[in-house]
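Q: Turn this into a model:
(chains A and B)
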There are 2 protein chains.
Amino acid sequence: MTVLGRQMSQEMDEQPDALARIAGRFDSFVQELRRHGADSRHGLAVLARGSSDNAARVAAYAAQARSGAPVSFLTPSVYTAYGQSPEAYASWLVLALSQSGRTPEIVDLAVSCREAGALVIGVTNDGDSPLAAASDVPVVLGVGEEKAVPATKTVTAQMLAGLAVANALGGPRVAAVELDALAGQARQVLDDGDAVQALGMELAASGALALVGRGFCDAAAFESALKLQETAGIAAHGFSTADFRHGPVHLAHAGVPVIGFAGDGPADDDTRDLIGSLRTDGRLARLVGSGEEADIGLPTTTPELTAILATIRGQQLALAVSRARGVDPDQPEGLSKVTPTV
Amino acid sequence: MTVLGRQMSQEMDEQPDALARIAGRFDSFVQELRRHGADSRHGLAVLARGSSDNAARVAAYAAQARSGAPVSFLTPSVYTAYGQSPEAYASWLVLALSQSGRTPEIVDLAVSCREAGALVIGVTNDGDSPLAAASDVPVVLGVGEEKAVPATKTVTAQMLAGLAVANALGGPRVAAVELDALAGQARQVLDDGDAVQALGMELAASGALALVGRGFCDAAAFESALKLQETAGIAAHGFSTADFRHGPVHLAHAGVPVIGFAGDGPADDDTRDLIGSLRTDGRLARLVGSGEEADIGLPTTTPELTAILATIRGQQLALAVSRARGVDPDQPEGLSKVTPTV
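A: Numbers count the residues shown, from 1 in each chain, chains lettered A, B, ... in the order given. Presented below is the predicted three-dimensional model:
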């Protein structure tokens, strides 16, 4: 019998080791980037697509919330189609992420940014890739080849490496004690799958889902939505909890289930409150989070690392929903591992 | 008999006049903003929620593609929950948008940005609002009170006013001849509703939809998705066409209909190609655009103004789908006109 999502599941399971290795290098990453003058840069420009773009949301939020730096998500078509040059980013730190290091528009724009004077940090899983070659400081994830089409271990690895890049801009760093605990907490999440499996069964018949989070956890909401889209084929939509209240909340009243991700940071209570009030109104709403109200638990850590643990919960949910629907997340129709666009 | 969406429909119909008035003031807006030193600012920071945030995507793309300026979408929780100050935006132009001018976190953050030294342009429909008072240069839309919960006339007005703000940063402006034609083209779109009504009937049973666009048209895709969420209660999701190819395209293969928006700009062919190839694969895909392949037509204009006309098509689609589903878009459950968040 074929096990649905065998490859995806196996790569998910490699995450504690992968995170432990990157956590062990975290402070030396930060120091190396500061030696390159990262902390005198004016802002953080993100260059990524798909899961890598979601992973970068953790770095983007950290840059804003911890160092106060401006953040810009670069739009490749501005350069490829409209012929602009990225000169305005000369004094910026550019964080380019690509699992393969071969997504053409990411590599080309990284090269242009570096020529313009930007400090380019290429985060990739392949040290021999064009993106690594195009970087001032390549950050090689070293998490082993990722074979499954839905990216899992590279996404959480990108989140953690991206966080080091953001911390290099200045402001308080993630504490060593919490970095040291991360791998064990990831293992705890992976080993505790009953509640997420039950939720997967419950949601299997839904054609649509809304996933919400605020602060660092919005990255988990966006990435979990993408994972559900590309594995289970569910129209899952990621929202900032605040944006969700401004219109899309009508979806909950029209019957779309809502999953909230919330840690213990100062922005997370908003999500907890939203899920609580939807439940009171009799809507289908579930909380993935720390604390007693959670339907699916998360270990307690800093808000930035919660995003990583919540993302693993999202991967589990995508796998559980796919299996409950009888579809194989290892082979999503219409997808391949490297997607070139202009 | 109650006419479903009477209020929304009436306000949509006021758009040609509203756009004509703003188009007539476009060049004087740009000149006034340049007198305030807008063209020496380092970047464009956007401060908005919901429909206003989608409207700002036109300005954001114009700032990047036409003047090469960095663009940042400000995340209020960074300031409200994490206690950062927006000092890093001292040399930026801040574009704050709120129909009511009363969304608390937008007003508060606009005040902090101005105190930090940013040039704050508040775009609002109410010249007596706190946002207007908090601005260096208030831009009052003057499109008349908007009573319907789903924002329509204020969104296209914000798009056009925001474009003037972006053009004030430098680079080529939208040509007068095209601005002069805009109101007539908006009227033409509103008067030509048969195809969009037929599409509304066709999509009425769908629980989910994907709306895609690239370049300026991605604003139309995002805003149309939000309009469908908050009126028809459909899980409609807006994507950049390029991001859609990187994973979510699996949704099309799983049966989710895809609507593409495309004008005549250099980034629009990507959307036309995607819709064409999905059709070839037997998927349900429709094109809203200029040119012969379009299922629903759009007049030919500059890429930036196409976004406005495409947004009107999206409003028509939301109205048509709502009516076909027998729901009243004037009264979406769970929504009100001003949504406070922290």
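Q: Can you list the buried residues in stretch A:30-45?
A: A:Val30, A:Glu32, A:Leu33, A:Ala38, A:Asp39, A:Arg41, A:His42, A:Gly43, A:Leu44, A:Ala45 (16 or more other C-beta atoms under 10 Å in any protein chain shown). (Glycine included, C-beta is placed from N, CA and C.)
Q: Also near chain B: which of the residues you listed, exactly?
A: Among those, the residues within reach of chain B (C-beta under 8 Å from any C-beta of the partner chain) are A:His42, A:Gly43, A:Ala45.
Q: Just the buried residues of stretch A:30-45: which are in helices?
A: If you go by DSSP state H, those have A:Val30, A:Glu32, A:Leu33 in helices.
Q: For A:Ile259, give me its contacts.
A: A:Leu199, A:Leu209, A:Ala210, A:Leu211, A:Val212, A:Ala221, A:Ser224, A:Ala285, A:Arg286, A:Leu287, A:Val288, A:Leu317 (C-beta atoms under 8 Å, 6 or more residues apart in numbering or on different chains).
Q: number of nearby residues for the first one?
A: It stands for A:Leu199. Close neighbours of A:Leu199, defined as other C-beta atoms under 10 Å in any protein chain shown, add up to 22.
Q: Would the helix or strand it falls within count as contacting chain B?
A: Taking DSSP states H and E as the definition, one finds A:Leu199 inside helix A:194-203. No. Helix A:194-203 does not reach chain B (C-beta under 8 Å from any C-beta); its nearest approach is 13.0 Å.
Q: can you pull out the helices in chain A?
A: Applying DSSP H to chain A gives helices spanning A:6-13, A:15-35, A:50-62, A:76-80, A:104-116, A:130-133, A:153-168, A:176-191, A:194-203, A:218-232, A:241-245, A:249-253, A:269-280, A:303-325.
Q: what angle do the fifth one and helix A:50-62 make?
A: Here helix A:104-116 runs at an angle of 40 degrees relative to helix A:50-62 (axes from the mean of the first three to the mean of the last three C-alpha atoms, to 10 degrees).
Q: Which elements pack onto helix A:104-116?
A: strand A:44-47, helix A:76-80, strand A:93-98, strand A:119-124, helix A:130-133 (3 or more C-beta pairs under 8 Å, 6 or more residues apart in numbering or on different chains; DSSP states H and E).
Q: could you say what helices and strands the last one packs with?
A: If you count contacts as 3+ C-beta pairs under 8 Å, 6+ apart, helix A:130-133 packs onto helix A:104-116, strand A:119-124, strand A:137-140.
Q: for the first one, same thing?
A: In this structure, strand A:44-47 packs against helix A:50-62, strand A:71-73, strand A:93-98, helix A:104-116, with contacts taken as 3+ C-beta pairs under 8 Å, 6+ apart.
Q: related to what we said a few turns ago, okay, the ones next to chain B among the buried residues of stretch A:30-45 in a markdown table with pLDDT next?
A: Putting these into a markdown table (pLDDT from 0 to 100) gives the following:
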| residue | pLDDT |
| --- | --- |
| A:His42 | 95 |
| A:Gly43 | 97 |
| A:Ala45 | 98 |
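Q: before we move on, the earlier item: hey, which of the helices and strands packed on strand A:44-47 is tucked in deepest?
A: Among the helices and strands packed on strand A:44-47, the stretch with the highest mean neighbour count (mean count of other C-beta atoms under 10 Å in any protein chain shown) is strand A:93-98, at a mean of 30.
Q: Give the rounded mean pLDDT of that strand.
A: Strand A:93-98 carries an average pLDDT of 98.
Q: Could you check the angle it makes with helix A:153-168?
A: 180 degrees.
Q: Which among the contacts of A:Ile259 count as buried?
A: Buried by 16+ other C-beta under 10 Å: A:Leu199, A:Leu209, A:Ala210, A:Leu211, A:Val212, A:Ala221, A:Ser224, A:Ala285, A:Arg286, A:Leu287, A:Val288, A:Leu317, out of those.
Q: Switch those over to TSV; also include pLDDT.
A: What follows is these, written out as TSV (pLDDT from 0 to 100):
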residue	pLDDT
A:Leu199	97
A:Leu209	97
A:Ala210	98
A:Leu211	98
A:Val212	98
A:Ala221	98
A:Ser224	98
A:Ala285	98
A:Arg286	98
A:Leu287	98
A:Val288	98
A:Leu317	98
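Q: which one among those residues gets closest to B:Ala186?
A: Proximity of those to B:Ala186 (C-beta to C-beta) peaks at A:Ala210, which lies at 32.0 Å.
Q: Can you tell me how far the closest one is from chain B?
A: Separation of A:Ala210 from chain B (C-beta to the nearest C-beta, to the nearest Å): 7 Å.
Q: How about that residue, nearest residue that isn't a chain neighbour?
A: Nearest non-adjacent residue to A:Ala210, counting by C-beta to C-beta, 6 or more residues apart in numbering or on different chains: A:Val258, 4.7 Å away.
Q: measure the one you found to chain B for me?
A: 11 Å.
Q: contacting residues for that residue?
A: Applying C-beta under 8 Å, 6+ apart, the residues near A:Val258 are A:209-212, A:244, A:251-252, A:274-275, A:278, A:283-286.
Q: Ok, A:Leu33 next?
A: Counting by C-beta under 8 Å, 6+ apart, A:Leu33 touches A:Ile121, A:Val137, A:Ala164, A:Val165, A:Ala168.
Q: out of the residues you listed, who's near chain B?
A: Filtered for proximity to chain B (C-beta under 8 Å from any C-beta), these leave an empty set.
Q: Among those residues, which one lies nearest to chain B?
A: Among the contacts of A:Leu33, A:Ala168 lies closest to chain B (C-beta to the nearest C-beta), at 15.8 Å.
Q: and that closest one, what does it touch?
A: Shown in contact with A:Ala168 (C-beta under 8 Å, 6+ apart): A:Phe29, A:Val30, A:Leu33, A:Arg34, A:Ala38, A:Asp39, A:Leu93.
Q: Cheers, nothing more for now.
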